[in-house]
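Participant: got a predicted structure here, sequence first:
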Amino acid sequence: MKNLLLAVGCAVLLAAPAQAAIIHVDAANTSGVEDGSEAYPYDTIQEGIDAAAIGADWESADVVSVREGIYYGAVIMKHHVKLVGVNPARTVIDGSGVSGPTVQGPLDPASPNPNCWIEGFTIRNSTNLAIRTLNRANYYGSSLWEIRNCYFIDNWQGVYAALGSGYNVQNCVFTGGNHPADEFGVKSILDFREVTVTNSTFDNFNGYPIWIIGNYYPHYLTNSILSNVDYLFKANRATLTSRNNDFWNYDQFNAIDDSTLPFVLDDADSINLDPKYVNAAGGDYHLQAGSHCIDAGVDVGLPFNGDAPDMGAFEYDQLTLAEGLEGLAASFSNLAPEALKSSNEKRRDAFLNKVEAILNQLEAASMEDDAEEKRGALQGMRMKLEKDLLAKCDGNHGGSPQNDWIVDNEEKDNFYNEILNLIDIVDEQLAALGA
């Protein structure tokens, strides 16, 4: 009996899947000691990937966890290894000076059909492709990518697939810059792998958010926003299944006008309305309250708030007042000097002091149990928001332009809308108290 139990125990141990490793990366590690541990992380992404083991599937895959920082240079991925940034806004892969693709798959005989995963990064300043999913060992061989929760900013070209490669892009933001007219967000050519783009936002392109030439496998665009672009598509000999998207403020539908090689958009339940971003000029593509994109999507299996998924990269989630105030302070701190009136450092400090005063009031109110005292604190905060902050940027909306601290009209309107959102939050809290 003892020998039988021992044999069963050994069989269980042999059947247990290998424990996935977490390899840590931090550009700030200047200790000179690097082993991929949390205490002594590698200081480059490539070192972390090279240390990871090729996995059998995504469930058992090693994870390369990259801390906040700016990481320069090209990145070569590895089959069934997850590359994950801890904060997509602050974990940055910068393609400046990289002549080829900033991120691409491996050229490795041990993984002739690589599947790659990248999540949680800003990829910026690519002078070539931001991500090339093409199978480098065999162009017709399979290479499937998961690309999640990433920001693509000021790249010449975004995510590229062809022949045997494909991708699933979800919860990503693509925004263009001052690049040639052939810049794009996502592109696929003669593809015979499935391509999907879900809950993503494309804004401000000189070229084309989506470029498709001759797809042989299904292509899907769902719950996404394409806004402020010259063309929505550059496409021919292709069919795209489009569901619950917002196509807003574009000059032309398709950059290719050729009826002999048609592009078919199989579209349903899409809209053409202002998505009402919180602050697109400042890179904030969250949705404002009242956006027509809220609850306008279709369930694709991703988490969502409300009655239905939203369109775009971010689910609308009512900010707490503290989060909104901290975001407002950060946005004001990042304003270009020319956006402010003279003595901009003094104005910057004064604005931040006003925000801090409201935050202090908010903290005091949150500790108050008496409803009347809480109501009084909220009313005081509302007055400060209106008199101390809104009055400094409402010159385009009936206020006195002489009192405006922001002179750039676009930035002024962005701050005006952000402060109105905060006032709405206070009003909701007052209404809940019966005020």
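Facilitator: Perfect, I can see it now.
Participant: what residues are up against the nearest residue to residue 190 once chain neighbours are set aside?
Facilitator: Nearest non-adjacent residue to residue 190, counting by C-beta to C-beta, 6 or more residues apart in numbering: residue 214, 4.8 Å away. Backbone N, C-alpha and C define where each C-beta goes, glycine included. Contact analysis of residue 214 by C-beta atoms under 8 Å, 6 or more residues apart in numbering lists 189, 190, 191, 236, 237, 238.
Participant: in strands, which of those fall?
Facilitator: 189, 236, 238 (DSSP state E).
Participant: and residue 271, how far from residue 172?
Facilitator: Here the criterion is C-beta to C-beta, to the nearest Å. By it, residue 271 lies 20 Å from residue 172.
Participant: returning to what we had before: the contacts of residue 214 into CSV, with extra columns for pLDDT and distance to residue 58?
Facilitator: Listed next are the contacts of residue 214 as CSV, based on pLDDT from 0 to 100; distance: C-beta to C-beta, whole Å:
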residue, pLDDT, distance to residue 58
189, 86, 26
190, 81, 27
191, 74, 22
236, 91, 34
237, 90, 33
238, 90, 29
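Participant: circling back to that earlier point, residue 271 and residue 172 - which one has more neighbours?
Facilitator: residue 172 (27 against 16; other C-beta atoms under 10 Å).
Participant: next, give phi and psi for residue 144.
Facilitator: phi -120, psi 130 (degrees, to the nearest 10).
Participant: and the closest residue to it other than its chain neighbours, what does it touch?
Facilitator: Leaving aside its sequence neighbours, residue 144 sits nearest to residue 115 (C-beta to C-beta, 6+ apart; 4.9 Å). Residue 115 sits next to 58, 79, 80, 143, 144, 145, 146 when contact means C-beta under 8 Å, 6+ apart.
Participant: same question, residue 423
Facilitator: 382, 385, 386, 390.
Participant: show me which of these is closest to residue 321.
Facilitator: residue 385 (9.4 Å; C-beta to C-beta).
Participant: show the pLDDT at the residue nearest to that closest one when sequence neighbours are not counted.
Facilitator: Sequence neighbours aside, residue 423 is the residue nearest to residue 385 in space, at 5.3 Å (criterion: C-beta to C-beta, 6+ apart). Per-residue pLDDT puts residue 423 at 88.
Participant: quick one: residue 184 from residue 202, how far?
Facilitator: 9 Å.
Participant: can you report phi and psi for residue 211?
Facilitator: phi -130, psi 120.
Participant: what sits against residue 340?
Facilitator: Per C-beta under 8 Å, 6+ apart, neighbours of residue 340: 347, 348, 405, 406, 407.
Participant: now with 7 Å, please.
Facilitator: 347, 405, 406, 407 (C-beta atoms under 7 Å, 6 or more residues apart in numbering).
Participant: got it, and residue 66?
Facilitator: Counted by C-beta under 7 Å, 6+ apart, residue 66 has contacts 25, 45, 48, 84, 85, 86, 91.
Participant: and the gap between the nearest residue to residue 27 once chain neighbours are set aside and residue 79?
Facilitator: Leaving aside its sequence neighbours, residue 27 sits nearest to residue 69 (C-beta to C-beta, 6+ apart; 3.6 Å). Shown here: residue 69 relative to residue 79, a distance of 26 Å by C-beta to C-beta.
Participant: got it, and residue 430?
Facilitator: For residue 430, the distance to residue 79 (C-beta to C-beta) stands at 56 Å.
Participant: look at those two and report which has more neighbours.
Facilitator: Taking neighbours as other C-beta under 10 Å, residue 430 and residue 79 compare with residue 79 leading, 21 against 16.
Participant: for this structure, just list every one of the helices.
Facilitator: For the chain, applying DSSP state H gives helices covering 2-15, 45-51, 321-333, 344-366, 371-384, 409-432.
Participant: count the residues that sit near residue 56.
Facilitator: Count around residue 56 with other C-beta under 10 Å applied: 12.
Participant: if we can go back for a sec, narrow the contacts of residue 66 to those in strands?
Facilitator: Reading strands off the contacts of residue 66 with DSSP E, I get 25, 84, 85, 91.
Participant: and the last one, bridged to which residues?
Facilitator: Read that as residue 91. Beta-bridge pairing for residue 91 (DSSP bridges): residue 69.
Participant: can you check the second one too?
Facilitator: Taking DSSP bridges as the rule, residue 84 bridges to residue 65, residue 119.
Participant: cool, and the first one?
Facilitator: Going by DSSP bridges, residue 25 is paired in beta bridges with residue 42, residue 66.
Participant: re the thing from before, show the buried residues in the contacts of residue 66.
Facilitator: 25, 45, 48, 84, 85, 86, 91 (16 or more other C-beta atoms under 10 Å).
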